[in-house]
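In: Task: produce atomic coordinates for the following.
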Amino acid sequence: MGSQSLEEAVQAAEDPVRMLREAGGRWIWPDDVAREYTNWMDELRAVRETCVLADLTHHQMDQIVEGPDALDLLTHLCTNSFDDFAVGSAKQAVMCNPHGDFIGDGVLQRVDAERFVLSGKSPAAHWLAYHLDVGDYDATERIYPKSSETDDDPHLFTYQVQGPNALDVLQRVTDVALDEVPFFDFAELSVAGTDVRALRHGMAGEAGFELQGPYEHGEAVREALLDAGEPSGIRRLGTRAYEPLSVYLGWITGTVVPVFGYDDMADYRRWLDADGYEGTSSIAGSFWSDDVRDYYLSPVELGYEHLLSFDHDFVGREALEAEVEEPSRTRVTLVWDDDDFADIFASLVGDGTPYRLFDLPRDRWGAQFDEVRRDGSLIGFSKSFAYSLHDREMVSLGCLDVEYAEPGTEVTILWGESGESPNPTVAPHAQTELRATVAPTPYLDDKR
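Out: Next up is the predicted model:
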């Protein structure tokens, strides 16, 4: 524990919404990975046309969970089914609070009968560690934080090889028939003399792999992959070009962790550190409510219905069963009007205060909540946004009332914050309305 708990910080701030608004922050990638290796446009073209290598080693945590009761703990916390979760399998593990609000997720791999690796952001790992700490489980866990939060080296290297040539590249470094590895299963490979787990998924809409192994061997493995990829036009993917990929796939990455506003979460707030992710990930955008619970999202709103299984008891099950029966909002893609998108940058010249600007191809200020309206009424939120170089248009992911989620529906996005933003990283700007059209999600041909 740190010197102050999150509960103490909330009590001192009195208003969790303003506390999170003032937290200040764009998402900052660690310096260990370059922003651009060549330029973000060529790197994004390689995602769709050839092959890329992305280094995720430094921006995510890894949590090792092991012991006779490890699977029982995961089953109690995760919305996913664990039937047939064999060694060599993985899943996007989703966790909720008792009210069915989304706590967090991560890639969960079963590496042995009683040993699991969870990789991703820290909220899901904290929730798991807390329940292990206060519960009666014969299991242990250890979180290896992302490199910006520790002086230690990462526990694992994590590389993604993505793009239409990814399978060809990886097949040059192994005799394992990678095209026979099922989606979200992993194979054990030897690359540059190092044992590596190769998880089949895909961040580019194509069959790709995420490779993990001991960090001390990461450089040798990376160079072997780049050498193997040279005939296929492989490029290293900087963080600037990696950012948009999740938006095309429909993965909403910025949420408010639902630990505030509930009496039954007070013990957890006392367990959490004030300077952890839950209390420092800022809220941004045009939507403002005095009730922090209005910023919470459910797995249904995030488009995770396929990750909900009611074949077991888990935290939040009752609330989610009711929501699945009668959902109010669902995930969509919003395609911004070209002229309105261009007007944001055109506002830099001429008189008047510019509109809220952002870095291309994607920018993040924590949990983005911009109002989406239809005929002047609030119908949901615009969340993660990104420029699609392939389609030459701006898109965002939205959580909209189900009656307005039909592709082709025209809506408006209220862009920019009203008045002076309490977020110190947001420059003064004028609000504006952007026209947008509802489209399907994922926003690409999914060939994974």
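In: May I have stretch 50-70 as CSV, with CA atoms only?
Out: The C-alpha coordinates for stretch 50-70 follow below in CSV (Å, rounded to 0.1, in the frame of the first residue of the first chain):
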residue,chain,number,x,y,z
THR,A,50,2.7,-6.2,-45.6
CYS,A,51,3.7,-6.9,-42.0
VAL,A,52,4.7,-5.1,-38.8
LEU,A,53,6.4,-5.8,-35.5
ALA,A,54,4.9,-4.0,-32.5
ASP,A,55,6.6,-3.9,-29.1
LEU,A,56,4.1,-4.1,-26.2
THR,A,57,6.7,-5.0,-23.6
HIS,A,58,6.8,-1.7,-21.7
HIS,A,59,3.2,-0.4,-21.7
GLN,A,60,1.3,-3.2,-20.0
MET,A,61,1.6,-5.2,-16.8
ASP,A,62,1.8,-9.0,-16.5
GLN,A,63,0.3,-10.8,-13.5
ILE,A,64,1.2,-14.4,-12.7
VAL,A,65,-1.6,-16.3,-10.8
GLU,A,66,-0.9,-19.9,-9.7
GLY,A,67,-2.0,-22.5,-7.2
PRO,A,68,-4.7,-25.2,-6.7
ASP,A,69,-7.5,-22.6,-6.4
ALA,A,70,-6.3,-20.2,-9.1
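In: Pretty sure Phe314 sits against His76.
Out: Yes - using C-beta atoms under 8 Å, Phe314 makes contact with His76 at a distance of 6.1 Å. Just so you know, the C-beta spots here come from the backbone N, C-alpha and C atoms, and that holds for glycine as well.
In: Comparing the two, which shows the higher neighbour count?
Out: Phe314 (23 against 17; other C-beta atoms under 10 Å).
In: show me what contacts the residue nearest the centre of the chain?
Out: The residue lying closest to the centre of the chain (C-alpha atoms, centre = their mean) is Thr253, at 3.2 Å. Contacts for Thr253 (C-beta atoms under 8 Å, 6 or more residues apart in numbering) come out as 246, 364, 384.
In: Is the last one located within a strand, as I assumed?
Out: In this case it means Ser384. Yes - checked against DSSP: H, G, I helix; E, B strand; the rest coil, Ser384 lies within a strand.
In: What distance do you get for it to Arg329?
Out: Per C-beta to C-beta, to the nearest Å, Ser384 is found 16 Å from Arg329.
In: all strands of the stretch 51-200 of the chain, in order?
Out: Shown for the stretch 51-200 of the chain, the strands assigned by DSSP state E, counting those that start in this stretch span residues 51-55, 61-66, 90-96, 102-112, 115-120, 140-144, 156-162, 186-191, 194-201.
In: Taking strand 194-201 as reference, get the angle to the fourth one.
Out: Think strand 102-112. 130 degrees (axes from the mean of the first three to the mean of the last three C-alpha atoms, to 10 degrees).
In: List the pairing partners of strand 102-112 within its sheet, with orientation.
Out: strand 90-96 (antiparallel), strand 115-120 (antiparallel) (DSSP bridges).
In: Report the buried residues of it.
Out: Neighbour counts using 16 or more other C-beta atoms under 10 Å place 102-111 of strand 102-112 among the buried residues.
In: swap in the last one?
Out: Applying a neighbour-count criterion of 16+ other C-beta under 10 Å, the buried positions in strand 194-201 are 194, 196-201.
In: wait, which of these is closest to Tyr144?
Out: Using C-beta to C-beta, Arg197 comes nearest to Tyr144 of the buried residues of strand 194-201, at 15.4 Å.
In: ok, the closest one - contacts?
Out: With C-beta under 8 Å, 6+ apart, Arg197 has these contacts: 109, 111, 186-189, 211-213.
In: Please apply the same query to Ala192.
Out: 173, 217, 220-221, 223-224.
In: ok, now with 6 Å
Out: 220-221, 224 (C-beta atoms under 6 Å, 6 or more residues apart in numbering).
In: And for Leu53?
Out: For Leu53, the contact set (C-beta under 6 Å, 6+ apart) comprises 159, 161, 225, 236.
In: TSV for those residues, including neighbour count?
Out: Formatted as TSV, the contacts of Leu53 follow (neighbours: other C-beta atoms under 10 Å):
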residue	neighbour count
Tyr159	23
Val161	26
Leu225	24
Arg236	20
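In: which pair in the residues you listed spans the largest distance?
Out: It's Val161 and Arg236 that sit farthest apart of the contacts of Leu53, by C-beta to C-beta, at 11.0 Å.
In: Any idea which of the contacts of Thr253 the model trusts least?
Out: Of all the contacts of Thr253, Arg364 carries the smallest pLDDT score, 79.
In: Do I have it right that that residue meets Trp27?
Out: Yes - look at Arg364 against Trp27 with C-beta atoms under 6 Å: they come within range, at 4.0 Å.
In: Which residues does the helix or strand where Ala322 lies contact?
Out: Using DSSP states H and E, Ala322 maps to helix 317-325. Applying C-beta under 6 Å, 6+ apart, the external contacts of helix 317-325 come out as 99-100, 298, 300, 308, 310.
In: what does the model give Trp365 for pLDDT?
Out: On the pLDDT scale, Trp365 gets 78.
In: Name the SS class of Val335, please.
Out: strand.
In: measure it to Ser148 for me?
Out: 34 Å.
In: So if I had to pick from the two, which one is more boxed in?
Out: Neighbours per residue (other C-beta under 10 Å) separate Val335 from Ser148, with Val335 holding more: 20 against 12.
In: Test my guess that that one contacts Ala439.
Out: Yes - here Val335 reaches Ala439: they are 5.0 Å apart, a contact under C-beta under 6 Å.
In: that older thread, now do the helix holding Ala322 against strand 90-96, angle only.
Out: Using the same axes, to 10 degrees: helix 317-325 against strand 90-96 is 100 degrees.
In: Helix 317-325: which residues count as buried?
Out: By neighbour count with 16+ other C-beta under 10 Å, helix 317-325 contains the buried residues 317, 319-320, 323.
In: What of stretch 369-385?
Out: Neighbour counts over stretch 369-385 (16+ other C-beta under 10 Å) mark 369-374, 379-385 as buried.
In: Format those as JSON lines; extra columns: distance to Pro182.
Out: Supplementary listing: the buried residues of stretch 369-385 in JSON lines, determined by distance: C-beta to C-beta, whole Å:
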{"residue": "Phe369", "distance to Pro182": "37"}
{"residue": "Asp370", "distance to Pro182": "38"}
{"residue": "Glu371", "distance to Pro182": "41"}
{"residue": "Val372", "distance to Pro182": "37"}
{"residue": "Arg373", "distance to Pro182": "43"}
{"residue": "Arg374", "distance to Pro182": "41"}
{"residue": "Ile379", "distance to Pro182": "38"}
{"residue": "Gly380", "distance to Pro182": "35"}
{"residue": "Phe381", "distance to Pro182": "35"}
{"residue": "Ser382", "distance to Pro182": "35"}
{"residue": "Lys383", "distance to Pro182": "30"}
{"residue": "Ser384", "distance to Pro182": "28"}
{"residue": "Phe385", "distance to Pro182": "33"}
